[in-house]
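Colleague: Need a 3D model of the following:
(2 chains)
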Amino acid sequence: MNCEQVREFLELGADSPTTADDLRHHLAGCTVCREFESHVAWEDALLTATFKRHETPDDYIDTLLTTLRREVAQPHTPQPGALSRRRGLSFAASFMLLFGGYTILGATGLVPWPWDLFGSAGSPQSHPVSASDPQTGRAKNRTFAERPERPLGTRLTLGGNAVPNNNAYDAMFFTGWGIHPQIDTEDEPVSRFAADTDTGAYTLTRKYLSDGHLPPRELIRVEEFLNRFDYGDKPPEGGPLSVHLECAPSPFSNRRYLFRIAVRGAVISHQERPPANVVLLIDVSGSMNRGGRLARVKSALARFIAELRPDDRVAVVTFGRKVTVQHELALLGRNETIFKRLASIIIEPGSPEIGDTTNIQIGLKAAYRIADVAQSDDRFARIVLASDGVANTGLTSGPKLASLARPGVTLTTVGVGTGNYNDVLMEQLADKADGTYLYLDRAEEADRIAATLQTVARDVRFEVAFNPHVVAQYRLLGYENRAAGLHTGHGTRTDGGEIAAGQTVTALYEIRLVKNVAPKELAVVAIHYTTLVNNEVVPSTLKSTLATVGESYENGSPALKLTASIAWSCERLRKSIWGKGTDWEVILPRLKEAADAYKNNREVAEFVQMIEKASRLQNETRQDR
Amino acid sequence: MPVPDETLAKQFSQGDEDAFEQLVSRYACFVRSLALNMIGDGHTADDIVQQVFLRVHRNSAKLPDVRNFKAWLQTIATNRCLTMIRMKTTRPAPIPMDNVVTGLLAGPDTTLEAAERNERVQQLRRALDKLSPEQRAIMVLHYQEGLTYAQIADRLGTPLNTVKSRFRRSKDKLRHWLTDLYPESTR
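Modeller: Okay, the predicted model is just below:
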């Protein structure tokens, strides 16, 4: 085998099996050919990566089928002969046949074409109706076109849309924050963490499950599940917050107790709240084109605006490569212009040189400028950022972007899309910039933006001092990225969370008591928060003591039972080491029992369904293994 | 066991529209990728997907004769792309490229400036633009679909030796334009 043959083999492969041995022999002794071999390997890797299978948007197939149904309903002339000779057609010949006999010269050269005769190639409207093949073609066409549209989400068997690398969607970015350990009160009697009213993890999990996928472990942020629900805790009778403490034996683990802390914000009706300045900040970069993200955002925000009052002021800003103020901050009034402005927003074309650009930094900067200038005595300011979090220019991490935040302005980050979605940025930005994070899996989620518009307490932080003589060990479920103290290395101070009117922040500890000691005065809970009075930040603290322990779990309040079942469902979902011994057979009946007390709460019922599905999926995957 | 394509095709030709929808779901992704790799522009790629499946639908009567549905679809799709390229007055748009490509182009040198990385990607794009549509079709069928030269020859209705020589020539062209991008170890 000479060098030339070797090169041919390397580049084009060969049919004879003996050549492979010859090749190895030759390569062992020939440096030039060995170099050529690594050369070809690099080229192959590069070209395989370049000409890869591209992902299709989420609802691509559904949209395509809808279009096809519409198209086949149009009259059309079959192109005789175009498809019958499927083999042996040269490029030129197939091209000729396709357009009914126009001639081209050779494979590459072509004579000028009278394009207007065809309109766009293959466009069915431009052809006259022909009588040929009327039965097979047209009768069938009609049945296809007349069929009702398939509801979204009920996909067909997708042979061509394999899930990449065993993930449900491509390029989803999450961060794992670990799971809190058991802490001995002897080592650290005080547990500190910041409130968190995000719900993004909950809705994103709902999206995963409704598509039939198990959510990734890192996504299960327990606190975002707990704080999703209204447990019916009493709102305060005076002041902005009320605290509720309860402790009862745990049905999920031996000799442990559950300790629930709930803080509820004062309820302020829609009419009573002060007027708002709202800046809608919308990502219009190319990635928002995927799976109709922008359209979803626009309809959700329109729904949100419809919930606002006429004396609220609204501005609309879009960003991608550059920032555009689509609608200056103005009184909403009763006119419809803002809806028209919103509807007219389109995706920004990518720059041909750089490609698609998303610069959240410039967008946020502009939004804060508008919101800050507009701050006045009796109004509060809120920015609503709708994006998929895929920032690629300017600052691109949540904490860094949060440095743009200005005091007094709160932020809601609204995540949208699956596949190329950055959960980390959206969540961290909200955490660090006085905000909340929610994920838009359906239009109703927009109601939550309106419901949480008015903040009653800012920078809310929890400080739980356990009595080491009574409590031996404690473990906080969730709040992993909101905790401060000895065991997290986050220092003693984290940025607190915001509590909106009527909203509840719930935390659950699992504790072990010191043996043979009467359980009294177990812990002192201090809630630190600030309020804005005439644009002045006023810090306050609310203290409450957990004096006794309930006799049994069964006698516990519905709120405790629901909190505990939700938390343990999450433990199981995120495969926590502490939830290992507790099977779905234990959790599910408890959850259903707890949910029975909340019959009128649609969300609780839905959560039970979600968990039933998740448990089924988890059991199936275990069996598969 | 999924139903074979040919069975679905036959069912569709007998009036079963569900079978058609299943075929669309199975292959829309493949046709779109092929179009995107050939033409680079997402909108044109979407148009091509529609046109290809409309043609399948209109030719339902011929489907029972198709022995290998996927191969048949590859032929239609590739021809459709070639037609579109020839019709278009503009050059193909750049294919979207991901981190894998950038990583390969940057090699082990992680300190490479973003501008330099970008320049390398542009260089690859310019090199790909030098390929004729036919050469590009062969590259796409080979690298995206993993087809052998004999299979490509069959799909394109071109003699085997023509395919081989076109493939070689396109590789030579790319080498010429990418010569300074090869990693040190392979140079």
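
Colleague: Next, see if stretch B:120-140 gets close to chain A.
Modeller: Yes: between stretch B:120-140 and chain A, judged by Cβ under 8 Å from any Cβ of the partner chain, the touching residues are B:122, B:124, B:128, B:132-134, B:139-140. From N, CA and C alone the C-beta is placed, and that goes for glycine too.

Colleague: Can you check the pLDDT for residue 19?
Modeller: Going with chain A. The predicted structure scores A:Thr19 at 69 on the pLDDT scale.

Colleague: That was the other one, I meant chain B.
Modeller: In this model, B:Ala19 is scored at 89, pLDDT.

Colleague: How about A:Arg260?
Modeller: Note for A:Arg260: predicted pLDDT of 96.

Colleague: Over to it. Which of the three states is it?
Modeller: Reducing the assignment at A:Arg260 to three states with DSSP: H, G, I helix; E, B strand; the rest coil gives strand.

Colleague: Quick one: neighbours of it, just the number.
Modeller: Using other Cβ atoms under 10 Å in any protein chain shown, A:Arg260 has 26 neighbouring residues.

Colleague: now the one 3 residues further on
Modeller: Residue neighbour count, defined by other Cβ under 10 Å, stands at 26 for A:Val263.

Colleague: quick one: it from A:Ile499, how far?
Modeller: Separation of A:Val263 from A:Ile499 (Cβ to Cβ, to the nearest Å): 7 Å.

Colleague: related to what we said a few turns ago, emit the PyMOL select command for whichever of the residues of stretch B:120-140 next to chain A are buried.
Modeller: To isolate the buried subset of those in PyMOL, counting by 16 or more other Cβ atoms under 10 Å in any protein chain shown, use the following:
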select buried, chain B and resi 124+128+133+134+139+140
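
Colleague: right, and the pair among the residues of stretch B:120-140 next to chain A with maximum separation?
Modeller: By the measure Cβ to Cβ, the residues of stretch B:120-140 next to chain A have their two most distant members at B:Gln122 and B:Glu134, which lie 24.0 Å apart.

Colleague: ok, B:Thr102 - contacts?
Modeller: B:117, B:120-121 (Cβ atoms under 8 Å, 6 or more residues apart in numbering or on different chains).

Colleague: where's it relative to A:His244, distance?
Modeller: Applying Cβ to Cβ, one obtains 53 Å for the distance of B:Thr102 from A:His244.

Colleague: which of the contacts of B:Thr102 has the most neighbours?
Modeller: The most neighbours of any of the contacts of B:Thr102, using other Cβ under 10 Å, belong to B:Arg120, which has 20 neighbours.

Colleague: How about that one: what's its closest non-neighbour residue?
Modeller: What sits nearest to B:Arg120 in space, not counting adjacent residues and going by Cβ to Cβ, 6 or more residues apart in numbering or on different chains, is B:Leu105, at 4.2 Å.

Colleague: my read is that neighbour is in a strand, agree?
Modeller: No: under three-state DSSP, B:Leu105 sits outside any strand and is assigned helix.

Colleague: check contacts around it.
Modeller: For B:Leu105, counting by Cβ under 8 Å, 6+ apart, the contacting residues are A:46, B:117, B:120-121, B:124, B:181.

Colleague: helix or strand for the residue nearest the centre of chain B, which one?
Modeller: For chain B, B:Leu34 is the residue whose C-alpha lies nearest the centre (Cα atoms, centre = their mean; 3.2 Å). Using DSSP states H and E, B:Leu34 sits within helix B:17-39.

Colleague: Same question for A:Leu209.
Modeller: Using DSSP H and E, A:Leu209 falls within helix A:200-210.

Colleague: Tell me the buried residues in that helix?
Modeller: By neighbour count on 16+ other Cβ under 10 Å, the buried set for helix A:200-210 is A:200-209.

Colleague: again, but for stretch A:385-405
Modeller: A:385-391, A:393-396, A:398, A:400-402, A:404-405.

Colleague: How about stretch A:61-70?
Modeller: For stretch A:61-70, the buried set under the neighbour-count rule, 16+ other Cβ under 10 Å, comprises A:61-65, A:68-69.

Colleague: Stretch A:64-72 near chain B anywhere?
Modeller: Yes: Stretch A:64-72 is in contact with chain B by Cβ under 8 Å from any Cβ, via A:64-65, A:67-68, A:71-72.

Colleague: Looking at these, which is nearest B:Cys29?
Modeller: The shortest approach to B:Cys29 among the residues of stretch A:64-72 next to chain B belongs to A:Leu64, at 10.1 Å (Cβ to Cβ).

Colleague: Could you tell me how far the worst-scoring helix or strand of chain B on mean pLDDT lies from the centre of the chain?
Modeller: For chain B, counting by mean pLDDT, DSSP states H and E, helix B:99-106 ranks last in confidence among helices and strands (a mean of 72). The gap between the average C-alpha position of helix B:99-106 and the chain average comes to 20 Å, counting by Cα atoms, centre = their mean, to the nearest Å.

Colleague: how about that helix: buried residues?
Modeller: B:101-102, B:104-106.

Colleague: Please produce CSV containing those, extended by distance to A:Gly435.
Modeller: Shown next, in CSV, are the buried residues of helix B:99-106 (distance: Cβ to Cβ, whole Å):
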residue, distance to A:Gly435
B:Val101, 36
B:Thr102, 33
B:Leu104, 39
B:Leu105, 38
B:Ala106, 36
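
Colleague: related to what we said a few turns ago, identify the contacts common to A:Val263 and A:Ile499.
Modeller: Between them, A:Val263 and A:Ile499 share the contacting residues A:195, A:241, A:460, A:505, judged by Cβ under 8 Å, 6+ apart.

Colleague: and the closest residue to chain B within the stretch 201-350 of chain A, how many residues sit next to it?
Modeller: Closest residue of the stretch 201-350 of chain A to chain B, Cβ to the nearest Cβ: A:Asn289 (8.4 Å). By other Cβ under 10 Å, the residues close to A:Asn289 number 18.

Colleague: So it is in contact with A:Ile347, correct?
Modeller: Yes: with contact taken as Cβ atoms under 8 Å, A:Asn289 and A:Ile347 are classed as touching, separated by 4.8 Å.

Colleague: Chain neighbours aside, what residue packs nearest to A:Gly212?
Modeller: Leaving out its chain neighbours, the residue that sits closest to A:Gly212 by Cβ to Cβ, 6+ apart is A:Leu617, at 7.5 Å.

Colleague: cool, and A:Ile527?
Modeller: A:Leu542 (4.4 Å).

Colleague: Looking at per-residue confidence, what score does the one you found get?
Modeller: We have a pLDDT of 91 for A:Leu542.

Colleague: elements contacting the helix or strand that contains it?
Modeller: Counting by DSSP H and E, the element that carries A:Leu542 is strand A:536-546. The criterion is 3 or more Cβ pairs under 8 Å, 6 or more residues apart in numbering or on different chains; DSSP states H and E, and the helices and strands that strand A:536-546 contacts are strand A:241-249, strand A:523-533.

Colleague: ranking these by mean pLDDT, which is last?
Modeller: Looking at the helices and strands packed on strand A:536-546, the lowest mean pLDDT belongs to strand A:523-533 (a mean of 89).

Colleague: Tell me which residues are up against it.
Modeller: Defining contact as Cβ under 8 Å, 6+ apart, one finds that strand A:523-533 is touched by A:240-241, A:243, A:245, A:259, A:261, A:263, A:380, A:408, A:456-467, A:471, A:496, A:499, A:537-546.

Colleague: For that strand, which strands pair with it and how are they oriented?
Modeller: Next to strand A:523-533 in the sheet, as set by DSSP bridges, lie strand A:455-466 (antiparallel), strand A:536-546 (antiparallel).
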